[in-house]
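Asker: here is my input; please provide its structure:
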Amino acid sequence: MTDRTHPDLELQDLLDGRLDEEAQTRVESHLASCGTCREEFDALRRARDAVRALPPPAVPPAVMAELTDSIQRAGRRRGATPPLSRRRVLAFGVAAAASAVIGVYVRRRSDLPSAAVRAAAIAPSKGTVGAVRRVTIGCPEESTGGGL
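Answerer: Sure, this is the predicted structure:
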């Protein structure tokens, strides 16, 4: 770290223990050689310690009662909807698995419209004019027929 680059944003992270090992070593090394950053780091530490020494704020009784009532009402409302039972979870799982099986089955059926379109492209029906080219899906070497 050069003298012109100061770890301003990382000082608080160092104080809170949020830096990884490499960044911590780099910032601590800079603090050892930079008096300005060391003074700022010490000021951050003193401010943190002063705030931690303050007594907890007093909550007015009316506010505390209103908060308690709100929490209890929310708990009662949440309790009104029954949690999912194992049977429901199992039923949803079976339905999802059945949907997946049906999806695979439908995609593999040869008598559905998409398969019919592919089959028509591969083998044209009787009565086609000689100008229609036979198209096969796959390698271009496999396609045959009259060209356009």
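
Asker: secondary structure class for residue 59?
Answerer: Classification of residue 59 by DSSP: H, G, I helix; E, B strand; the rest coil places it in coil.

Asker: angles on the backbone of it, please.
Answerer: Dihedral pair for residue 59: phi -90, psi 130, per degrees, to the nearest 10.

Asker: can you list the low-confidence ranges for this structure?
Answerer: Per-residue confidence for the chain (pLDDT under 70) gives these ranges: 1-4, 77-84, 109-148.

Asker: output the longest helix belonging to it.
Answerer: helix 86-108 (DSSP state H).

Asker: all the strands of this structure, in order from the start?
Answerer: Counting by DSSP state E, no segments of the chain form strands.

Asker: domain parsing for it?
Answerer: Domain segmentation of the chain under automatic domain parsing yields 8-53, 86-142.

Asker: for residue 44, the count of nearby residues, please.
Answerer: 15 (other CB atoms under 10 Å). All C-beta atoms are positioned from the backbone trio N, CA, C, and that covers glycine.

Asker: all helices of the chain, in order?
Answerer: Using DSSP H, helices in the chain cover 8-16, 21-33, 35-53, 61-80, 86-108, 113-122.

Asker: re earlier: got the CA coordinates for the longest helix of the chain in PDB?
Answerer: Taking Å, rounded to 0.1, in the frame of the first residue of the first chain, the C-alpha atoms of helix 86-108 are listed here in PDB:
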ATOM      1  CA  ARG A  86     -46.600 -34.100   5.900                       C
ATOM      2  CA  ARG A  87     -49.500 -35.400   3.900                       C
ATOM      3  CA  ARG A  88     -49.800 -32.200   2.000                       C
ATOM      4  CA  VAL A  89     -46.100 -32.000   1.300                       C
ATOM      5  CA  LEU A  90     -46.200 -35.600   0.100                       C
ATOM      6  CA  ALA A  91     -49.300 -34.900  -2.100                       C
ATOM      7  CA  PHE A  92     -47.500 -31.900  -3.700                       C
ATOM      8  CA  GLY A  93     -44.400 -34.000  -4.300                       C
ATOM      9  CA  VAL A  94     -46.400 -36.800  -5.900                       C
ATOM     10  CA  ALA A  95     -48.200 -34.300  -8.100                       C
ATOM     11  CA  ALA A  96     -44.900 -32.700  -9.200                       C
ATOM     12  CA  ALA A  97     -43.400 -36.100 -10.000                       C
ATOM     13  CA  ALA A  98     -46.600 -37.200 -11.900                       C
ATOM     14  CA  SER A  99     -46.400 -33.900 -13.900                       C
ATOM     15  CA  ALA A 100     -42.800 -34.600 -14.800                       C
ATOM     16  CA  VAL A 101     -43.500 -38.200 -15.900                       C
ATOM     17  CA  ILE A 102     -46.500 -37.000 -18.100                       C
ATOM     18  CA  GLY A 103     -44.300 -34.300 -19.600                       C
ATOM     19  CA  VAL A 104     -41.600 -36.900 -20.600                       C
ATOM     20  CA  TYR A 105     -44.300 -39.300 -21.900                       C
ATOM     21  CA  VAL A 106     -45.900 -36.600 -24.100                       C
ATOM     22  CA  ARG A 107     -42.600 -35.400 -25.500                       C
ATOM     23  CA  ARG A 108     -41.800 -39.000 -26.600                       C
END
